[in-house]
Structure formats: C-alpha cells, structure tokens
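1. Below is the structure, and that's it, no one-letter string:
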C-alpha cells in the first residue's frame with residue numbers, strides 16, 4: 001500500500017512539474033520587459049493523498065507574485081475529498097488569498113484567507129444526512145526556507161471553531177513548493 005501511495009504522489013509531482021515547465025516554456029517567447037514579470041511569478045501546487053482509514057485527496061494549485069525581495073502576494077484554488085465507505089464523505093472546494101513576508105532568507109511568514117464550500121454526507125441505517133455550508137479560515141503562520149523554492153512550517157487558524165469547521169485542528173503543518 002505504501003508503494004501505491006508513493007507512486008501516486010510521484011505522479012502528482014510530475015504533473016505539477018510538467019504544468020510549471022509548460023507554463024514557463026510558453027511565456028519565454030514574450031518581450032524582455034514581460035520576462036521580468038515571469039521571473040517574479042511563481043507556480044505552486046499543494047497536494048495530499050491518504051488511504052489509511054478511508055480516502056483523502058487534496059489538490060491546491062496557486063500563483064504567487066514577488067512584489068519585492070521580501071513581500072509576495074498570491075492566490076489559489078483548492079479542492080478535497082475525504083471519505084469513509086458507507087459512513088461519511090466530505091467534498092470541499094474554494095479559494096485562498098496569500099500574503100508572504102520573508103524577513104530573512106531562512107524564514108517566511110504568511111497570512112492566508114481561505115473560503116471553502118463544504119458538502120458532507122453522512123450515511124446511517126435510518127437516513128442519509130447532508131450538510132452544506134461555507135467555511136472561512138484566517139491563517140497566520142511561519143516556515144523555515146529549506147531552499148529558495150521549499151519552505152516547511154505551520155499555520156494557525158485564528159477563526160477556528162471545532163463545531164463549525166471542516167478542519168480537524170487549529171494548527172496545520174504545511175510544505176510550500178514553488179516553481
């Protein structure tokens with residue numbers, strides 16, 4: 001099972017890398033002034049796969065623009081599916097707006113607003129219960145820059161309410177990879 005998960009993760013990485021390289025290949029033919037913008041614009045793709053205790057799939061492509069050496073702005077889309085066969089499944093989709101500040105080459109801080117449409121279906125012997133709602137999260141976080149393209153850290157949802165959210169915890173670890 002671990003080989004299957006690793007294989008699927010590598011396939012998703014290859015898709016993200018191919019998408020980024022294809023995007024860069026098509027913009028290289030633009031004028032020199034636009035080439036500066038291209039170097040400041042970064043593509044990122046977050047993803048997750050988990051098949052332990054059910055099925056969890058998460059994809060989140062985003063674009064980040066370096067306003068300066070220290071400040072970046074961006075946004076992205078995200079979608080996920082989590083399900084336990086014949087018990088419950090949850091589907092989410094939405095967008096996020098990201099601001100990053102890099103005070104030193106080793107540290108990146110972030111402020112992120114996420115808005116998700118959540119649809120949950122719970123199955124039991126009597127009836128199926130469906131719940132649909134919007135979930136807003138405001139994250140503040142920090143990450144260690146392993147390379148210029150990879151940072152690892154954690155973010156805290158300041159609007160976290162365990163009764164009204166799709167997130168299982170207020171603190172979420174992250175790995176940001178940009179191309």
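-> Perfect, thanks for sending it. These numbers were taken from a predicted model, which means no experiment stands behind them. Numbering: from 1, shown residues only.

2. quick one: the helices in the protein?
-> Using DSSP state H, the helices of the chain run over 2-27, 32-40.

3. Check those for me: which has the lowest mean pLDDT.
-> In terms of mean pLDDT, the lowest-scoring of these is helix 2-27 (a mean of 39).

4. Next, find the distance separating the residue nearest to residue 94 when sequence neighbours are not counted from residue 98.
-> Distances taken as Cβ to Cβ, 6 or more residues apart in numbering place residue 116 nearest to residue 94, at 3.7 Å, with adjacent residues excluded. In short, each C-beta sits where N, CA and C put it, glycine included. As judged by Cβ to Cβ, to the nearest Å, residue 116 and residue 98 stand 15 Å apart.

5. likewise residue 84?
-> Counting by Cβ to Cβ - residue 84 and residue 98 are separated by 31 Å.

6. same check, this time on residue 78
-> 11 Å.

7. re the thing from before, which of residue 84 and residue 98 has more residues huddled nearby?
-> residue 98 (20 against 14; other Cβ atoms under 10 Å).
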